[in-house]
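Enquirer: give me a model of this one.
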Amino acid sequence: MSSRSLHSLGVACGLAAGAWLGAAEAPTKLVTVGFSPFLISLGMVAGVFVARWTVPMALKGTGYIWQDLREKPHLIAWAILAGMLWAVANTLTVFAIRNVGLSIAFPLWNTNSLVGLFWGWLLFNELRNAGANQWTKVLGGAAAIVVGACVLAYATTSHQTAAAPHQGALLGIFAALGAGLLWGTMYIPYRKAYISGMNPLSFVTVFTFGELGTVFTLALAFDGGYGNVMAELQRARPVLFWLFLGGFFWVIGDLFQQYAAKYIGIGRGIPLSNTNQLWGLAWGALVFGELSGLGGTARFLVIAGSLIMIAGATAISFAEAPESEHGSWKAAMDRECDRYGLDRASVAASAKGDDPLGAQRPKRGWWELLIIAAAIAMFVWLGSSATVPAIAMNFGWMVLLLAATLVFLVVCGLMLWRRTKFS
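Expert: Modelled structure (predicted):
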């Protein structure tokens with residue numbers, strides 16, 4: 001597969017990630033009806049845990065995943081660490097949504113693209129030998145993201161000063177920025193895995209143990225212990241289905257983001273997936289009516305800041321890596337191969353979208369059907385007691401936004417299958 005074809009695939013995956021990651025955050029609006037942020041995060045991560053096992057298994061099979069992990073055991077610890085960082089960041093986003101709203105919090109935590117850009121350059125040779133044109137696109141886009149975030153922070157603070165305690169708005173802003181810092185750092189294990197030839201489906205299967213363990217620990221520590229957490233979960237039973245569904249959506253978006261990071265790097269792929277800001281704005285404004293309480297100036301600033309951030313992410317995403325930069329990427333891959341004794345030919349094949357296992361892929365087991373059936377049964381069980389949350393929603397816009405995310409799933413999923421067989 002040519003580098004240009006890989007770039008197009010990575011861009012498509014980044015756009016699909018934005019759509020699904022944006023939809024996944026909608027259930028966290030439940031924090032506004034009295035549930036603890038830790039409980040909201042725990043409910044979502046439980047859904048994430050289920051999805052991260054069933055989706056990779058359905059696409060590749062358990063035998064394939066275990067063989068991939070056995071060949072690269074050093075990456076297991078990195079995947080768990082990434083999951084722990086994700087869990088803390090996700091909990092912070094719930095606090096941010098509670099204090100400043102979904103359409104405002106999204107752009108602030110999407111500063112993770114700046115952090116990821118820095119780590120990609122420092123540790124994995126991204127943008128090395130890229131040329132002035134590529135540097136201008138990437139750094140110009142990064143500057144636009146910073147400016148957009150500042151505009152949104154100002155709009156949020158001025159609005160909250162009139163409608164709510166100023167301290168609450170500032171805490172929400174800091175929570176969103178803290179989530180961006182942690183998520184940006186989380187991409188180090190991502191890129192380390194993919195320049196070592198690991199399949200994204202294998203990586204996220206281990207990743208989820210760090211997520212669930214960390215969120216459960218946070219809930220126990222800050223929500224009154226095991227007994228209180230169990231009681232809160234029982235009280236939240238009518239809305240757990242929506243949290244599980246949000247976690248499932250997040251996994252699909254994250255998988256597309258993983259493939260974007262693999263094929264075009266974290267410096268380019270992550271800003272592109274951060275178009276979830278636009279989707280977050282759409283969900284917050286159109287479905288939940290978050291902008292209805294803002295004045296004309298504040299609305300203008302929110303929209304302007306969002307568009308500036310999107311323009312910055314777009315500029316970065318179109319900075320296709322030239323051959324000279326690909327040479328720097330190869331040097332980073334060779335370093336990982338030498339450090340961990342990996343086969344260079346296999347790693348190079350994986351980086352090009354080929355399946356290193358090829359015809360040697362393990363056969364699927366009968367138990368995989370049982371696992372999928374158990375996951376479906378869990379959703380049916382939760383759905384049987386689900387109720388519509390007491391939140392004002394525009395169901396027409398909700399249907400349209402969900403339909404758009406399904407289009408991204410079908411189109412980009414077919415692209416990945418036809419070109420890489422999900423490798």
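
Enquirer: which residues sit against stretch 57-74?
Expert: If you take Cβ atoms under 8 Å, 6 or more residues apart in numbering as the criterion, stretch 57-74 is touched by 56, 75-76, 193, 196-199, 201-202, 205-206, 340, 342, 357, 361-365, 367-368, 371-372, 422. Quick note: C-beta positions are derived from backbone N, CA and C, even for glycine.

Enquirer: residue 258 is in contact with residue 203, correct?
Expert: Yes. Residue 203 lies in contact with residue 258 (Cβ atoms under 8 Å); the separation is 6.8 Å.

Enquirer: taking the contacts of stretch 57-74 one by one, which sit in helices?
Expert: Among the contacts of stretch 57-74, the ones falling in helices (DSSP state H) are 56, 75-76, 193, 201-202, 205-206, 340, 367-368, 371-372.

Enquirer: make a ChimeraX selection of the buried ones in the contacts of stretch 57-74.
Expert: A single ChimeraX command selects the buried members of the contacts of stretch 57-74 (16 or more other Cβ atoms under 10 Å):
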select :56,75,76,193,196,197,198,199,201,202,205,206,342,357,371,422
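
Enquirer: model confidence for residue 4, exactly?
Expert: For residue 4, the model assigns a pLDDT of 67.

Enquirer: whoops, residue 79 was the one
Expert: You'll see residue 79 listed with a pLDDT of 94.

Enquirer: go on, the one 5 residues further on?
Expert: Residue 84 is assigned 93 on the pLDDT scale.

Enquirer: what residues does it make contact with?
Expert: By Cβ under 8 Å, 6+ apart, the contact set of residue 84 is 210, 211, 213, 214.

Enquirer: I'd like to know which of the residues you listed is nearest to residue 415.
Expert: residue 211 (27.2 Å; Cβ to Cβ).

Enquirer: number of residues surrounding that closest one?
Expert: When neighbours are counted by other Cβ atoms under 10 Å, residue 211 registers 27.

Enquirer: what sits closest to it if chain neighbours are left out?
Expert: What sits nearest to residue 211 in space, not counting adjacent residues and going by Cβ to Cβ, 6 or more residues apart in numbering, is residue 83, at 4.1 Å.

Enquirer: that neighbour contacts residue 207, correct?
Expert: Yes. Counting by Cβ under 8 Å, residue 83 does reach residue 207; the two are 4.3 Å apart.

Enquirer: report the mean per-residue pLDDT for the helix of greatest length in the chain.
Expert: Identified as the longest helix of the chain according to DSSP H is helix 132-163. For helix 132-163, mean pLDDT rounds to 73.

Enquirer: do the same with stretch 11-22
Expert: For stretch 11-22, the per-residue pLDDT averages 92.

Enquirer: kindly report the same for stretch 172-185.
Expert: Averaged over stretch 172-185, pLDDT sits at 91.

Enquirer: cool, and stretch 104-114?
Expert: 79.

Enquirer: stretch 267-280 too?
Expert: 83.

Enquirer: distance between that stretch and the chain's centre?
Expert: Centroid displacement of stretch 267-280 relative to its chain, using Cα atoms, centre = their mean, to the nearest Å, is 9 Å.

Enquirer: pull that stretch out as PDB, backbone CA atoms only.
Expert: These are the backbone C-alpha positions of stretch 267-280, laid out as PDB (Å, rounded to 0.1, in the frame of the first residue of the first chain):
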ATOM      1  CA  GLY A 267       0.900  14.300  15.600                       C
ATOM      2  CA  ARG A 268      -1.600  14.200  12.700                       C
ATOM      3  CA  GLY A 269      -4.100  11.500  13.700                       C
ATOM      4  CA  ILE A 270      -5.000  12.800  17.100                       C
ATOM      5  CA  PRO A 271      -5.900  16.400  15.900                       C
ATOM      6  CA  LEU A 272      -8.000  14.900  13.200                       C
ATOM      7  CA  SER A 273      -9.900  12.700  15.600                       C
ATOM      8  CA  ASN A 274     -10.400  15.800  17.700                       C
ATOM      9  CA  THR A 275     -13.100  16.900  15.200                       C
ATOM     10  CA  ASN A 276     -15.200  15.200  17.900                       C
ATOM     11  CA  GLN A 277     -15.300  18.800  19.200                       C
ATOM     12  CA  LEU A 278     -17.600  19.600  16.300                       C
ATOM     13  CA  TRP A 279     -19.700  16.600  17.100                       C
ATOM     14  CA  GLY A 280     -19.700  17.500  20.800                       C
END
